[in-house]
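Student: my questions concern the predicted model and sequence given below.
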Amino acid sequence: MEILVGLIIIAAIYLWAFFMDRFFKSCSHYAYIQFLKGTGLEIKIFQFTWTTSAFNKLLYKWGSGPSTFLNLWFNLGLCSSLLLLPAAIYLLLTAFFQNFSSYATNEENMIQPVVPGVNLPASEIGYYSITLLLSSILHELGHALASVQEDVHVINVGANVLFILPVAYVNISSDKLFSLNPWKRLKILCAGVWHNLLIALLAYLLYTSLPSLFSPLFLHGNGIVVSHIEDKSPIVGDRGLHVGDKILRINECDVQDVESWYRCLTTLKLTKPAFCIEADVVHNMDESVHLKHLENGIVSCCHSDNKGKLCFEYLDSKDSILELPPYACLPGRAVIEVSTNFCTADPHLCPKDTFCFRPVLTNNTNLFRIKRLGQIDVIYIGPVYDLVKTVMVSSYVPKYGFLRTEVPDMTTKFLGYLVMFSMGLAIVNILPCIFMDGQHITNTLLHILFSNHLRTTHIKVISAIVTASFTFLLLIHCTVVIWAKLKY
């Protein structure tokens, strides 16, 4: 709800700025018009555009450096980008046909649209904006430096803020660009993709090195620590989780880091755990009543007034030599806490003198026994969604009590999103789609390959067909993925 309110406030600011912009322009307000010209600012509906030539001297200085190094640098970028082109096309085609294949797996596609609040957490929108801006700035820096190196005039640079997503851009002389030798033109066109590939690689190497870099102060890979819990979380309380708790296991699933925490929750969501319980416990605590078969197919053996009681089903009743009831109404927390083993396997093997009982739960209710370091286990009964949304955990366990996990967590998220956005920009930009670098790269490659065999007009037609086809595939793929996420 806070995110929605924030987006509404941002939309209101855009509308107010757009209205005032049109008002001052209609009145020919001289000071305001001069301000826009001097700053290079332009206000559109839900969009701010900023343009400047103040960085041209710096770009010419950098691009006029050692020519041998820069020539080798951008030639390497050209080769890397051309190798990425068929790989990106393969990924798009695979992702596209996977959407309509009956044999498609549940694995995520490599190419996915980024929609905050749909397939990425809306609360982390700041990371998206910063990493996207950084990735696009370094992408455009590649184009600018390659242009200077090939003596193509850089007109200006700037940035677009489309609602909340910032994107940098560079304007170069298109006449000079398309008059170049095709291979030199490709060097400029591929320079942005090349820089994104390098950013993704460097960020990934740093990302994988973080556990070692933070090792003097934090433990990693041996459990997780609770970093934040929402006030309204169903798992707070005296017997619930607390900030600073170190979690080692959920049911029978070991937790080493944040990824394994969510993987365990997802896997165990479909599993109804069973517990090994002593016969004396069942006989002494059973308060079952006449069985009731509810409308949803669930069996109830507890009276409605029995708060904290759960109906347990005896899984091995046919093989029991004792007279244990097929269903027993037992105090859930107390029974689960005294149980020392799970019995989810078939046959349901339990240690001597204990027997396998499984709580009868509704389809949307799950039961987790969360093991903590140095404290009693936490018993959580409820939807997985509430646990995922209200409990924040960190893979970095502080070695000292005064340390907090914000720095390693923020660094991990920043580098992770930088890898994702930089690699995503590289893959999408190299595709032969409209408004992407791949559109011009493909057109240039076709001229190189077929200029001696086909007329220029024929090559342009083939290029237009290829570009339109892949643009259509990308749009359909993104639409299908977003629709599937919204339905889910």
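Tutor: Right, received. Where do you want to start? Just so you know, these numbers come straight off a predicted model, no measurement behind them.
Student: where does the stretch 51-200 of the chain dip in pLDDT?
Tutor: 102-120, 122 (pLDDT under 70).
Student: so where do the helices sit in it?
Tutor: Per DSSP state H, counting those that start in this stretch, the stretch 51-200 of the chain carries helices over the ranges 56-63, 67-98, 125-149, 174-177, 182-213.
Student: now those as TSV including distance to residue 396?
Tutor: Placement of C-beta: from N, CA and C, glycine included. Formatted as TSV, these follow (distance: least, CB to CB, whole Å):
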stretch	distance to residue 396
helix 56-63	37
helix 67-98	33
helix 125-149	17
helix 174-177	47
helix 182-213	8
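Student: of the ones you listed, flag the one that's most buried.
Tutor: Of all these, helix 125-149 has the most neighbours on average by mean count of other CB atoms under 10 Å, namely a mean of 21.
Student: elements contacting that one?
Tutor: Packing partners of helix 125-149 (3 or more CB pairs under 8 Å, 6 or more residues apart in numbering; DSSP states H and E): helix 56-63, helix 67-98, strand 154-162, strand 165-172, helix 182-213, helix 406-430.
Student: switch the cut-off to 6 Å
Tutor: Judged by 3 or more CB pairs under 6 Å, 6 or more residues apart in numbering; DSSP states H and E, the packing partners of helix 125-149 are helix 56-63, strand 165-172, helix 182-213, helix 406-430.
Student: tell me which of the helices of the stretch 51-200 of the chain sits nearest to residue 478.
Tutor: Checking the helices of the stretch 51-200 of the chain against residue 478 by CB to CB gives helix 67-98 as the closest, at 9.8 Å.
Student: who's in contact with the nearest residue to residue 172 once chain neighbours are set aside?
Tutor: Excluding the flanking residues, the one nearest residue 172 by CB to CB, 6 or more residues apart in numbering is residue 147, at 4.7 Å. For residue 147, the contact set (CB atoms under 6 Å, 6 or more residues apart in numbering) comprises 154, 172, 188.
Student: out of these, the closest to residue 360 would be?
Tutor: Distances from residue 360 to the contacts of residue 147, taken by CB to CB, are shortest for residue 188, at 67.1 Å.
Student: I'd like the distance between the closest residue to residue 156 other than its chain neighbours and residue 79.
Tutor: Spatial nearest neighbour of residue 156, chain neighbours left out: residue 53 (4.4 Å); criterion: CB to CB, 6+ apart. Residue 53 sits at a distance of 32 Å from residue 79 (criterion: CB to CB, to the nearest Å).
Student: same check on residue 70?
Tutor: 15 Å.
Student: same deal with residue 393?
Tutor: 43 Å.
Student: do residue 67 as well
Tutor: 19 Å.
Student: do residue 353 as well
Tutor: 70 Å.
Student: do the same with residue 141
Tutor: With CB to CB as the criterion, residue 141 and residue 79 are 20 Å apart.
Student: show me the domain layout of this structure.
Tutor: 2-45, 56-211+413-487, 218-271+366-402, 273-360 (automatic domain parsing).
Student: partner strands of the longest strand belonging to the chain and their direction?
Tutor: Taking DSSP state E as the criterion, the chain has its longest strand at strand 218-229. Pairing partners of strand 218-229, with direction, according to DSSP bridges: strand 246-250 (antiparallel), strand 391-398 (antiparallel).
Student: other residues contacting that strand?
Tutor: So strand 218-229 is contacted by 211, 236, 241, 243, 245-248, 255-256, 261, 391-398, 405, 408 (CB under 6 Å, 6+ apart).
Student: make it 7 Å
Tutor: 211, 214, 236, 241-248, 255-258, 261, 373, 390-399, 405, 408-409 (CB atoms under 7 Å, 6 or more residues apart in numbering).
Student: for the buried ones among those residues, write the corresponding ChimeraX selection.
Tutor: ChimeraX command restricting the contacts of strand 218-229 to the buried ones, with burial defined by 16 or more other CB atoms under 10 Å:
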select :211,214,236,241,245,246,247,255,257,258,261,390,391,392,393,394,395,396,397,398,405,408,409
